[in-house]
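**Student:** Mind looking at a prediction? Sequence and model below.
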Amino acid sequence: MHQPLYKDLVTGEYRLPWTRFHALKDYYGMVKVLEDFPSVHQTFNLVPSMLVQIHDYAEGVADDPFLYCAVKPAEELTEAEREFVLRYFFQANPDHLIYRYPRYGELLNVWKACGANPQAGRKHFSVQDLRDLQVLSQVAWFDEEFQAHDEAVMGLIAKGRDYSLHDQALMARKEREILGHVIPVYKDFAARGQIEIATTPFYHPILPLICDSNIAGVSHPGVTLPTRFQYPQDALVQLKRAREFMASQFGRAPAGLWPSEGSVSDEALALAAEAGFEWAASDNGVLARTIHQDGGPEVTYRSYLWQQNGRELRMIFRDHFLSDQVGFVYSRMGAEEAAWHFLDRIRENTRPMLERGADVLVPIILDGENAWEYYDHNGRPFLRELYRRISESQDLAALTVSEALQLDQPRTLHHIHPGSWINANFDIWIGAEEDNIAWEYLLGARRKFDEIAPTVSVAQRELAYEELLIAEGSDWNWWYGHEHISENRIEFDELYRQHLSNVYSSLGLAVPEELSQPILKSGVPNFNQPPSHPIHPVIDGEVTSYFEWAGAGRFQLDHRSGSMHSNEPRIRDVYYGADGDDLYLRLDFDEGFQFDLLELRTEQKTVSLLDNPSVQIAKKRITEIRVPFATLGASSERPSRFQLSIANQTVPPEGWFDLAIPA
């Protein structure tokens with residue numbers, strides 16, 4: 001699990017609440033559920049910068065404006081604070097976190113009726129409405145363990161509406177109590193030996209790019225790169241600090257490393273070994289490109305020993321498909337069906353090897369927090385059913401990584417392909433215009449630090465270097481470029497530039513003017529990013545999560561037409577992707593954009609997407625569409641090429657979208 005450092009070290013303020021929310025909802029219960037399944041052992045990867053923030057919250061010293069506005073009496077909220085509450089307190093999964101609580105859903109409907117406009121919303125939300133929103137926007141994130149077993153929390157949920165100041169104060173106390181249980185529960189289960197705790201470089205940097213940003217050109221030849229960033233000494237600091245911090249928190253240094261986003265290179269692995277790590281993990285896409293063969297079960301379901309220049313590190317490579325089934329697919333299935341399907345696929349994949357009498361190691365590694373908001377009751381019914389079946393099975397054992405490595409004879413690797421878990425390259429974090437600008441700004445601050453640091457006090461030097469290490473984290477560039485969307489992209493951009501600005505101010509220097517301007521670009525040319533993996537969005541017309549359309553293709557339209565600027569509403573982006581049965585489309589448009597013609601054209605036929613009983617379509621904040629491939633006459637043997645006709649516009653204006661259909 002990881003979160004970037006949302007804290008501004010100079011002001012002490014937390015700019016976004018996501019560490020707190022996920023610590024409330026996910027981190028405690030994911031371990032606690034194992035109490036009923038003592039034979040199930042697991043490895044949890046904890047990022048140090050996330051734990052630092054959880055500690056702040058548990059101690060009550062986090063300066064978080066989101067929390068401040070949640071606990072302040074509704075009667076005392078200023079006009080600006082009321083707008084803040086309305087703007088941010090509906091940022092949650094509608095189906096599983098908002099509409100699960102009828103009053104919260106009722107308030108969301110009022111917010112939608114106001115056009116999601118804070119100024120308009122102020123007129124429609126009474127003091128009682130605001131207090132109910134304050135309480136429910138927090139309780140909705142409370143861990144399932146507390147929702148099911150804590151009498152005070154159960155009472156808040158049962159009351160449902162018309163909360164009092166007493167209720168609001170109770171919510172605040174229970175929130176801090178839950179946060180205070182997070183780190184101790186990991187210590188407890190690690191001491192029992194039921195879990196292994198691994199870690200990641202301190203501020204979650206993409207290690208290979210910190211070592212040498214030009215390595216991105218090896219995994220993606222021809223990619224446009226910024227000026228070379230080459231600070232392996234920073235990478236080593238991030239690794240050593242992580243290991244030392246985890247030892248201070250849990251009584252022993254971790255053996256295992258999940259390099260941020262599974263990103264590896266020979267140089268990064270050498271530094272990890274130097275720092276004292278004994279094993280590391282990545283994705284089987286990286287393994288496939290390393291050994292130049294398909295990354296199927298025969299090569300994925302085993303361990304490896306990376307050796308180079310006298311250094312070595314044990315390695316495993318995650319089953320990308322099965323890990324993504326848990327992350328993206330099983331939330332749409334019942335708990336029993338999903339657990340059965342998962343274990344059935346493992347048994348089917350391993351049968352040939354087991355018939356030869358071999359033991360098999362199946363690495364499943366996935367995002368520790370974001371998947372669960374799509375599941376019923378935060379994924380706990382699925383996890384309990386899965387753990388029960390594993391506990392009762394005769395042919396399966398759930399082990400920590402270190403336990404599994406003791407049982408497996410590794411195959412030697414003398415080289416690793418540089419890449420991450422996403423397409424075995426680094427394109428998410430470098431290569432796009434916004435990404436490269438961010439790297440140029442980071443390099444400028446790093447060089448200025450080297451120049452000025454010897455002339456300032458120790459305190460100034462330490463603060464400036466800490467801000468540099470934070471700015472090296474991966475999350476800022478996750479949101480730059482064309483690949484990902486977020487309602488908080490602007491805040492991520494601001495926070496990244498603030499960390500860099502703090503480098504200069506800490507050194508007593510004027511902050512460069514460019515750091516006061518957004519890196520995010522409002523105007524972009526037509527851009528077509530092809531799909532990277534199957535998607536399974538919920539067709540509800542809402543952006544229900546950062547990751548719902550992760551992996552989809554994205555086409556951005558260029559509306560620039562000379563020197564004139566048009567205020568006419570327009571379509572901005574088209575997303576497209578598929579699973580084995582359906583084509584999925586998403587249209588993002590300006591407020592007020594209307595269309596009465598929406599057709600999909602293939603080389604064989606034209607299909608109307610409006611008023612078509614075989615097509616599922618939802619238009620709210622966005623338009624989401626599901627089209628069965630059977631309707632198009634397409635299949636995995638006959639991939640689809642298509643265009644869209646929207647109002648009087650053809651997308652793409654020239655050529656076609658090409659879509660390989662997953663088998």
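**Tutor:** Yes, it's here. Here the structure is a predicted model, which means the values were calculated and not measured. Numbering: from 1, shown residues only.
**Student:** C-alpha only now, for contacts and for neighbours.
**Tutor:** Noted.
**Student:** And the residue most central in space within the chain, its phi and psi?
**Tutor:** Nearest to the mean C-alpha position of the chain, by CA atoms, centre = their mean, lies Asn370 at 6.0 Å. With angles defined as degrees, to the nearest 10, Asn370 sits at phi -70, psi -20.
**Student:** try the one 3 residues further on
**Tutor:** Per-residue torsions, Glu373: phi -70, psi -10 (degrees, to the nearest 10).
**Student:** That one contacts Asn93, doesn't it?
**Tutor:** Yes - Glu373 lies in contact with Asn93 (CA atoms under 8 Å); the separation is 6.6 Å.
**Student:** neighbour-wise, which of those two wins?
**Tutor:** Glu373 (22 against 18; other CA atoms under 10 Å).
**Student:** Roughly how far does that one sit from Leu136?
**Tutor:** With distances taken as CA to CA, to the nearest Å, Glu373 is found 16 Å from Leu136.
**Student:** which helix is the longest one in the protein?
**Tutor:** The helix that spans the most residues within the chain, counting by DSSP state H, is helix 165-192.
**Student:** Quick check: next helix or strand after that helix?
**Tutor:** On the C-terminal side of helix 165-192, the closest following helix or strand by DSSP states H and E is strand 195-199.
**Student:** So which residues make contact with that following strand?
**Tutor:** 41-48, 186, 189-190, 242-243, 246, 254-258, 400-402 (CA atoms under 8 Å, 6 or more residues apart in numbering).
**Student:** What residues of it count as buried?
**Tutor:** Residues of strand 195-199 classed as buried by neighbour count (16 or more other CA atoms under 10 Å): Ile195, Glu196, Ile197, Ala198, Thr199.
**Student:** Repeat that for stretch 211-230.
**Tutor:** Within stretch 211-230, judged by 16+ other CA under 10 Å, the buried ones are 211-217, 219-220, 223, 225-226, 229-230.
**Student:** can you check stretch 284-303 too?
**Tutor:** Buried-residue list, stretch 284-303, by 16+ other CA under 10 Å: 284-290, 295-297, 299-303.
**Student:** now that stretch: how far from the chain's centre is it?
**Tutor:** A distance of 24 Å separates the centroid of the chain from that of stretch 284-303, by CA atoms, centre = their mean, to the nearest Å.
**Student:** First-to-last residue distance for that stretch?
**Tutor:** Start-to-end, stretch 284-303 (CA to CA) is 11 Å.
**Student:** swap in stretch 68-77?
**Tutor:** End-to-end distance for stretch 68-77, by CA to CA: 10 Å.
**Student:** low pLDDT regions in the stretch 51-200 of the chain?
**Tutor:** Within the stretch 51-200 of the chain, no range satisfies pLDDT under 70.
**Student:** Now do the helices in it.
**Tutor:** Here the stretch 51-200 of the chain has its helices, by DSSP state H, counting those that start in this stretch, at 65-71, 79-88, 102-113, 118-121, 127-139, 144-149, 151-159, 165-192.
**Student:** Quick check: which of those helices is buried the most?
**Tutor:** When you average the neighbours per residue for each of those (mean count of other CA atoms under 10 Å), helix 127-139 leads with a mean of 22.
**Student:** Return the closest of the buried residues of stretch 211-230 with respect to Arg351.
**Tutor:** Lowest distance from Arg351 to those (CA to CA) belongs to Ser219, with 33.2 Å.
**Student:** got a list of what the closest one touches?
**Tutor:** His417, Pro418, Gly419, Ala424, Asn425, Phe426.
**Student:** Isn't the last one up against Gly419?
**Tutor:** Yes - with contact defined as CA under 8 Å, Phe426 reaches Gly419; the gap is 5.9 Å.
**Student:** the bottom helix or strand of this structure by mean pLDDT?
**Tutor:** strand 527-529 (a mean of 67; mean pLDDT, DSSP states H and E).
**Student:** My reading is that Leu583 lies in a strand. Confirm?
**Tutor:** Yes - under DSSP: H, G, I helix; E, B strand; the rest coil, Leu583 sits within a strand.
**Student:** partners of it in the sheet?
**Tutor:** Ala578, Val627 (DSSP bridges).
**Student:** so what's it up against?
**Tutor:** Per CA under 8 Å, 6+ apart, neighbours of Leu583: Tyr576, Gly577, Arg626, Val627, Pro628, Phe629.
**Student:** Format those as a markdown table; extra columns: distance to Ile539.
**Tutor:** Formatted as a markdown table, the contacts of Leu583 follow (distance: CA to CA, whole Å):
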| residue | distance to Ile539 |
| --- | --- |
| Tyr576 | 13 |
| Gly577 | 13 |
| Arg626 | 7 |
| Val627 | 11 |
| Pro628 | 13 |
| Phe629 | 16 |
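**Student:** and these as CSV, adding pLDDT, neighbour count and distance to Val237?
**Tutor:** Compiled in CSV, the contacts of Leu583 are given as follows (pLDDT from 0 to 100; neighbours: other CA atoms under 10 Å; distance: CA to CA, whole Å):
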residue, pLDDT, neighbour count, distance to Val237
Tyr576, 90, 24, 41
Gly577, 89, 28, 40
Arg626, 94, 23, 48
Val627, 92, 21, 50
Pro628, 90, 18, 51
Phe629, 87, 20, 51
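**Student:** from those, which single one is nearest Ile364?
**Tutor:** Once CA to CA is applied, the member of the contacts of Leu583 that ends up nearest Ile364 is Gly577, at 24.1 Å.
**Student:** Just give the nearest non-adjacent residue to that closest one, would you?
**Tutor:** Sequence neighbours aside, Ala552 is the residue nearest to Gly577 in space, at 4.8 Å (criterion: CA to CA, 6 or more residues apart in numbering).
**Student:** Okay, that neighbour and Gln529: tell me how far apart.
**Tutor:** Distance from Ala552 to Gln529, by CA to CA: 8 Å.
**Student:** The two: which is more packed in?
**Tutor:** Ala552 (27 against 15).
**Student:** Would you confirm that that one contacts Tyr575?
**Tutor:** Yes - Ala552 lies in contact with Tyr575 (CA under 8 Å); the separation is 6.1 Å.
**Student:** low-confidence ranges in the protein?
**Tutor:** 522-528, 545-547, 557-570, 590-592, 635-639, 648, 654, 661-663.
**Student:** about what we covered before: from the buried residues of stretch 284-303, which ones fall inside helices?
**Tutor:** Using DSSP H, the buried residues of stretch 284-303 in helices are Asn284, Gly285, Val286, Leu287, Ala288, Arg289, Thr290, Pro297, Val299, Thr300.
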